[in-house]
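J.: Have a look at this fold, sequence not included:
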């Protein structure tokens, strides 16, 4: 009985550790983006805000772009409210674009709306 209980505990611990490690690896992070700075100004045409991060569709220079912004807590910490990232809002996004130039996508580190800067990643300055 003792051995079975210990084996069960070990199995649960290993399963939890595996889940933790693989979920961290599953999130793509910044690997898909260039290291060079990039800036895009356009009008938000759609917004999906939430976890793991917000995703905006932005019309800029007659092109449709996908712009990743921060997680809800990160946007809030920077002073951004969901209503500020709504359809029709003009904004400038600073960050890093996709390595694949055929993709119109970027990861925003900073957002500028009506001349005000919202720094999503102040530790990256």
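T.: Cool, got the structure. None of these values were measured; they are calculated from a predicted model. Numbers count the residues shown, from 1 in each chain.

J.: quick one: terminal-to-terminal distance for stretch 45-64?
T.: 9 Å (CA to CA, to the nearest Å).

J.: Flag every buried residue along it.
T.: 47, 49, 53-54, 56-58, 60 (16 or more other CB atoms under 10 Å). Bear in mind the C-beta positions are built from the backbone N, C-alpha and C, glycine included.

J.: Could you pull up the mean pLDDT of that stretch?
T.: Stretch 45-64 shows a mean pLDDT of 95.

J.: which intervals of the chain have sub-threshold pLDDT?
T.: For the chain, applying pLDDT under 70 flags the ranges 1-30, 32-34, 125.

J.: related to what we said a few turns ago, please narrow the buried residues of stretch 45-64 to those residing in strands.
T.: Among the buried residues of stretch 45-64, the members found in strands (DSSP state E) are 47, 56-58, 60.

J.: Redo these as a markdown table? Include distance to residue 36.
T.: Output for these, formatted as a markdown table (distance: CB to CB, whole Å):
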| residue | distance to residue 36 |
| --- | --- |
| 47 | 26 |
| 56 | 21 |
| 57 | 23 |
| 58 | 19 |
| 60 | 18 |
